[in-house]
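Undergrad: got a predicted model here, sequence first, then my questions.
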Amino acid sequence: MRTNSRVWRGSKKKGIMLMLFAILLAPLLALVRLTIDGGRIYFEKRRMQAAADGGAFGAAREILRGNDSLVVSGGQDDAELNGFDNDASDITVTVNRPPSTGPNSANNNAVEVIIQRPIPTTFLQVISRQSSTVRARAVAGVVDELDPPCIIALNPTASGAITVSGTADIYGPDCTVLAESNSPSAITTNGGVSLVAGGIGYGNFGGGFVQNGQGTISPTPVPVPGPGDPFWELPEPNPAAYPPQATAKLQTGTSMVLNEGVYSGGIKITGGDIVLNPGIYIVDGFEMTGGSITGNGVMIYNLGTNQNNNISIGGNVQVDLHAPYSGTYENMLFFNSRYAVAGNGNSSNADGTLLGTSDSIYDGIMYFPTVGLRYGGNATQDSPFAMIVADTITFAGTPQLGVNWEDNGRNPPSQQVSLLE
């Protein structure tokens, strides 16, 4: 009798377990279905928000340019570039100027982009939920630049997008230093460096800064929406519009005067005193390892058709270069082509190098939008106007880069586009 009782009680327990499993199975399956569909909706929301941000930024750029008639199309075109086409049957991209709601609804220099799309569900259809409408909204606008950017690293993901090492001294109290990278170590300092600016920022989607050593960073970097490439619309020079000067590589170790034009074989200078007359110098590689170089009203544009044809000025070169004060390339001192081949594989992980002796001056914009730039050596730059824009930027050695925007006849930008909401 006892044995039969134990068997009966064991069977009863198994039955209860099966019944509990049956009761819990339905909500467990519902939870799994909700998780799968919820994950898909969350992923789509992230993509849509990035497109809305891009659309708002593009529309606000048209406001900045004074193209009122292109604000709507500009916003929709930039949203389309991010995968959300207003012409698609299931996507709506609405552009409102001023925004329809929010704190900027009365600001005609602000624009709102709203993207909506129904996302089909898979498992939630069992509860008659055939789709879920996902919505993203962003607001961007034209704002005054209290501290205009003077150093911008454009790479969106690089660790150490701005790296300051050695005893480098970066001083720009009236301007902003920005790393647009969303890496936790977007800005990295090593050793006893000093990085002082009106503002210091990194990407606002997970970016951060790492301070190794006892150096100075002031103020503390904060997440900011990056302005993007401020010169993305600047046209690249057309070599056909300039006089040909040399088809083979120009190599010299003696003093000479050069004139504007196309040096299709590149330029290599090992010594002597080089004078650049005013104008645009189109080169395919510019290397200088010794001597001195001076020029007023000049821009050096590098084609960079292979990974060895870079702009490289060594630490033993005395530099005194000043960008044009007017014209299409006003303020632009170095322009490395957006199509330049990157990846020269040197130890500095940079495709452009601007060093120089202790009294060197680079007066103007140093623009290397798709390659890394190394600035350092013994160069001391305290020009009234200086700006560095590159994919990544490394300051090393003992450079002192003073960037202040005093009135010296140049016209730095006074407004910029920024995400507002």
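TA: All right, it came through fine.
Undergrad: phi, psi for residue 420 please.
TA: Phi and psi for residue 420, reported as degrees, to the nearest 10, are phi -110, psi -30.
Undergrad: ok, it - how many residues close by?
TA: Residue 420: 22 surrounding residues under other Cβ atoms under 10 Å. Glycine gets a C-beta too; all of them are placed from N, C-alpha and C.
Undergrad: just residue 110 next, same as before
TA: Residues within reach of residue 110, counting by other Cβ under 10 Å, total 26.
Undergrad: so what's the closest residue to it other than its chain neighbours bridging to?
TA: Residue nearest to residue 110 in three dimensions, not counting chain neighbours: residue 141, with 3.5 Å by Cβ to Cβ, 6 or more residues apart in numbering. Beta-bridge pairing for residue 141 (DSSP bridges): residue 110, residue 418.
Undergrad: swap in residue 116?
TA: In beta-bridge terms (that is, DSSP bridges), residue 116 pairs with residue 92, residue 135.
Undergrad: need the three-state assignment for residue 76.
TA: Using DSSP: H, G, I helix; E, B strand; the rest coil as the criterion, the local structure at residue 76 reads helix.
Undergrad: need the per-residue pLDDT for it.
TA: pLDDT for residue 76: 94.
Undergrad: that one: neighbouring residues, count only.
TA: The criterion is other Cβ under 10 Å. On that basis, residue 76 has 22 neighbouring residues.
Undergrad: what does residue 330 give?
TA: Applying other Cβ under 10 Å, we find 14 residues neighbouring residue 330.
Undergrad: quick check: closest non-adjacent residue to it.
TA: Looking at residue 330 with Cβ to Cβ, 6+ apart, the closest residue is residue 324, at 5.7 Å.
Undergrad: quick one: the one you found from residue 226, how far?
TA: According to Cβ to Cβ, to the nearest Å, residue 324 stands 27 Å off from residue 226.
Undergrad: helices along the protein, start to end?
TA: Ranges of helices within the chain are 2-65, 71-81, based on DSSP state H.
Undergrad: weakest of those by average pLDDT?
TA: Here the lowest mean pLDDT among these goes to helix 2-65, at a mean of 69.
Undergrad: so what's residue 98 up against?
TA: Residue 98 is in contact with 104-108, 110-112, counting by Cβ atoms under 8 Å, 6 or more residues apart in numbering.
Undergrad: and for the closest residue to residue 86 other than its chain neighbours, the neighbour number?
TA: Excluding the flanking residues, the one nearest residue 86 by Cβ to Cβ, 6+ apart is residue 93, at 3.9 Å. Residues contacting residue 93 under the criterion other Cβ under 10 Å number 25.
Undergrad: again, but for the one 10 residues further on
TA: The burial count assigned to residue 103 is 11, neighbours taken as other Cβ under 10 Å.
Undergrad: tell me how far it lies from residue 114.
TA: Counting by Cβ to Cβ - residue 103 and residue 114 are separated by 16 Å.
Undergrad: next one: residue 325
TA: Distance of residue 325 to residue 114, computed by Cβ to Cβ: 43 Å.
Undergrad: equivalent analysis for residue 134, please.
TA: Residue 134 sits 11 Å away from residue 114, taking Cβ to Cβ as the criterion.
Undergrad: the more surrounded of these two?
TA: Using other Cβ under 10 Å as the criterion, residue 134 and residue 114 rank with residue 114 on top: 23 against 20.
Undergrad: isn't residue 212 up against residue 190?
TA: Yes: using Cβ atoms under 8 Å as the test, residue 212 is close enough to residue 190 to be in contact (4.7 Å).
Undergrad: of the two, who's got more company?
TA: Of the pair residue 212 and residue 190, residue 190 is the one with more neighbours under other Cβ under 10 Å, namely 17 against 12.
Undergrad: run a quick neighbour tally on residue 397.
TA: 17.
Undergrad: now residue 245, nearest residue through space, not along the chain?
TA: Nearest non-adjacent residue to residue 245, counting by Cβ to Cβ, 6+ apart: residue 261, 3.9 Å away.
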